[in-house]
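1. predicted model and sequence follow; I will ask about them next.
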Amino acid sequence: MKAFLIKYISLFVCLIGFRATVEAQERSVLIPDYALVQHAGSIGYLSLGAGYELFDDARGSLELTYGHVPEVKGGPLNIVSAKFAYRPVELRVNNTITAYPANPGIFLSYHLDKQFGLGFDREQYGRGYYGWPTALRGHLSLSNEVAIKTGEKLKSVTIYSEFNVNDLYLVSLFYKNNKQWLSPFDIIKLGFGVKVGF
Amino acid sequence: MKSIFGLIILLFFTACEMVEYSPNQVFDKDTPRDLNAKHINQLLQNPADDTIRFVLAGDSQRAYKNASDLVNVVNNIKGVDFVLLAGDISDFGLLNEMEWVDEIFSRLNVPYIGVIGNHDMVANGEQIYKRMYGPLDFSFTYHGVKFVCHNTNSREVNFSGNVPDMEWLKQEFSPSAGVNAYVAVAHVPPFSIDFDKSLEAEYINVINSAPNTLAALYAHNHKEDVRYPNEQSVPYLVTQAIVRRQFLLLEIVSGKLKYESIPY
């Protein structure tokens, strides 16, 4: 567990370092605007990612993450995700603190491990035996963020929480008479994270 | 002030419940373990009587409300000793699904035994089942009747010839002390296209040649069925699915097995 954390922290530091080095040369659209670490939220016990701010007002975001669930936490699982979100409401608390209370989004998570796939083997199962890709989940999300302006080199630090539901949980909720037993709170899942803007 | 503090604590615990690492994680901090062993142990505490009455249900899949209604119906039937949930406990092989079904079936007044179905082997399902319920093949003897629960989901291993495990079954169905009758329990029935054709004849032979087999019990087809393979006297019973709100109530009295289908 300790080794796993160290691995993550060092990757995170490397990413920030890399960004800072490139900054010195020339700004490119391919270089991410921020790095992030997330705990839980259905994309790993811990995930590490890079994010881009989208649109002229920077209210949109696109993030790519790699997440890992260690064996002691119910893995091993390796997950890559692509997340899109929009921040429609901005609350400026003061010159340094800004809150984004409700940011809807969508994301895809893809499980890399061999027991998961995009389809089922046609030879083994024939056509349409099971109708869903086990590796790929579609999620709806709602996050809230508090961003703190920090300075020139490290522009901002943002803490956030993100609620999500995935496609399979949603079809379970809306299946037959299930709403009499299953509640939306059973299928809403949560994660937390920190973004560092540079 | 006190109530605000209480609310914060409540929110904190609600939030903890919502934390998920992946829908495919094998367990979380509350996942029960070894349910079958615990439930069998609980069942064996029952004092001996002359009737074994039990329920055969299957294919709960994602029909949570229907499963919950089944629990209410079974709790109102007198003298039920235990419930067999013969596979497809989950629909997508996800942890939350098995936890929800366990939450529902824990409300039974009697223990339940979960047998693995093909849907429970999808994605991480098999690992989740093993940790929550136990081995895929297991047996228990209740009042002299040995219930041999086993994995018949041959298609999930691409008909490799290892499922069902014939060597294990031969052992289980061989005569042993304290056993005067046998009941086979699995998910996929031997006459299904999802059962390994190369093992079908031998499988039926092992079950039917045991000293005194009362029945072989299955689910999977979502259609009630009874067959007598090889024109022998052993009934192969298939229960209707929980998804379709029906189950079988079985009774063993003086060495004879009777069954009745209960729609609800």
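-> The structure has been received and is ready for your questions.
2. number of nearby residues for whichever residue of chain A sits closest to chain B?
-> Distance from chain B to each residue of chain A (Cβ to the nearest Cβ) is smallest for A:Gly74, at 3.3 Å. Quick note: C-beta positions are derived from backbone N, CA and C, even for glycine. Other residues within reach of A:Gly74 by the criterion other Cβ atoms under 10 Å in any protein chain shown amount to 24.
3. what do you get for B:Gly134?
-> 21.
4. so for stretch A:48-68, what's the average pLDDT?
-> Stretch A:48-68 carries an average pLDDT of 94.
5. okay, buried residues for it please.
-> For stretch A:48-68, the neighbour count (16 or more other Cβ atoms under 10 Å in any protein chain shown) marks A:48-53, A:59-63, A:65-68 as buried.
6. and for stretch B:95-114?
-> By neighbour count on 16+ other Cβ under 10 Å, the buried set for stretch B:95-114 is B:95-102, B:104-105, B:108, B:110-114.
7. quick check: residues of the stretch 101-250 of chain B near chain A?
-> Residues of the stretch 101-250 of chain B lying close to chain A (Cβ under 8 Å from any Cβ of the partner chain) are B:104, B:119, B:122-124, B:155, B:158.
8. so which helix or strand takes in residue 39?
-> Picking chain A for this. If you go by DSSP states H and E, A:His39 is part of strand A:34-40.
9. hmm, no, I was thinking of chain B.
-> Counting by DSSP H and E, B:His39 is part of helix B:35-43.
10. counting by contacts, list what that helix packs against.
-> If contacts are counted by 3 or more Cβ pairs under 8 Å, 6 or more residues apart in numbering or on different chains; DSSP states H and E, helix B:35-43 sits against strand B:112-115, strand B:138-142.
11. what comes into contact with it?
-> With Cβ atoms under 8 Å, 6 or more residues apart in numbering or on different chains as the test, helix B:35-43 has contacts from B:81-82, B:102, B:110-114, B:132-134, B:138, B:140, B:142, B:149.
12. what's the spacing between the closest residue to B:Leu85 other than its chain neighbours and B:Leu248?
-> Nearest residue to B:Leu85, sequence neighbours excluded (Cβ to Cβ, 6 or more residues apart in numbering or on different chains): B:Gly114, at 4.9 Å. The gap separating B:Gly114 from B:Leu248 is 17 Å, by Cβ to Cβ, to the nearest Å.
13. correct me, but A:Asn178 touches A:Ser172?
-> Yes. A:Asn178 lies in contact with A:Ser172 (Cβ atoms under 8 Å); the separation is 6.4 Å.
14. the two: which is more packed in?
-> In this view A:Asn178 and A:Ser172 are compared by other Cβ under 10 Å, and A:Ser172 has more residues nearby, 25 against 21.
15. confidence-wise, which helix or strand of chain B is lowest on average?
-> The weakest-scoring helix or strand in chain B, judged by mean pLDDT, DSSP states H and E, is helix B:2-18 (a mean of 79).
16. ok, that one near chain A or not?
-> Yes. Against chain A, helix B:2-18 shows contacts by Cβ under 8 Å from any Cβ at B:14-15, B:18.
17. most neighbours out of the residues you listed, which is it?
-> Neighbour counts for those (other Cβ under 10 Å) peak at B:Met18, which has 19 neighbours.
18. can I assume it is in contact with A:Ile188?
-> Yes. Look at B:Met18 against A:Ile188 with Cβ under 8 Å: they come within range, at 5.9 Å.
19. quick check: neighbours shared by those two?
-> A:Phe163.
20. could you list the low-pLDDT ranges of chain A?
-> A:1-28 (pLDDT under 70).
21. identify each buried residue in the least confident helix or strand of chain B, please.
-> B:Met18.
22. could I get the CA-only coordinates of that helix as PDB?
-> Output of helix B:2-18 as PDB, limited to C-alpha atoms (Å, rounded to 0.1, in the frame of the first residue of the first chain):
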ATOM      1  CA  LYS B   2     -26.300  19.700  18.200                       C
ATOM      2  CA  SER B   3     -28.600  18.900  15.200                       C
ATOM      3  CA  ILE B   4     -26.200  20.500  12.800                       C
ATOM      4  CA  PHE B   5     -23.400  18.400  14.200                       C
ATOM      5  CA  GLY B   6     -25.700  15.300  13.900                       C
ATOM      6  CA  LEU B   7     -26.500  16.200  10.300                       C
ATOM      7  CA  ILE B   8     -22.800  16.500   9.400                       C
ATOM      8  CA  ILE B   9     -22.200  13.100  10.900                       C
ATOM      9  CA  LEU B  10     -25.100  11.600   9.000                       C
ATOM     10  CA  LEU B  11     -23.900  13.200   5.800                       C
ATOM     11  CA  PHE B  12     -20.400  11.900   6.400                       C
ATOM     12  CA  PHE B  13     -21.600   8.300   6.900                       C
ATOM     13  CA  THR B  14     -23.900   8.600   3.800                       C
ATOM     14  CA  ALA B  15     -21.000   9.800   1.800                       C
ATOM     15  CA  CYS B  16     -18.800   6.900   3.100                       C
ATOM     16  CA  GLU B  17     -21.500   4.400   1.800                       C
ATOM     17  CA  MET B  18     -21.400   6.100  -1.600                       C
END
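23. just the residues contacting that helix, thanks.
-> A:163, A:185, A:188-190.
24. grab the nearest non-local neighbour of the closest residue to chain A within chain B.
-> Per Cβ to the nearest Cβ, B:Gln25 is where chain B lies closest to chain A, at 3.3 Å. Nearest residue to B:Gln25, sequence neighbours excluded (Cβ to Cβ, 6+ apart): A:Gly74, at 3.3 Å.
25. what residues are up against that neighbour?
-> Neighbours of A:Gly74 in contact, by Cβ under 8 Å, 6+ apart: B:21-22, B:25-28, B:95.
26. which of the residues you listed are buried?
-> B:21-22, B:25-27, B:95.
27. reformat the residues you listed as JSON lines; add secondary structure.
-> Below are these laid out as JSON lines (DSSP: H, G, I helix; E, B strand; the rest coil):
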{"residue": "B:Tyr21", "secondary structure": "coil"}
{"residue": "B:Ser22", "secondary structure": "coil"}
{"residue": "B:Gln25", "secondary structure": "coil"}
{"residue": "B:Val26", "secondary structure": "coil"}
{"residue": "B:Phe27", "secondary structure": "coil"}
{"residue": "B:Leu95", "secondary structure": "helix"}
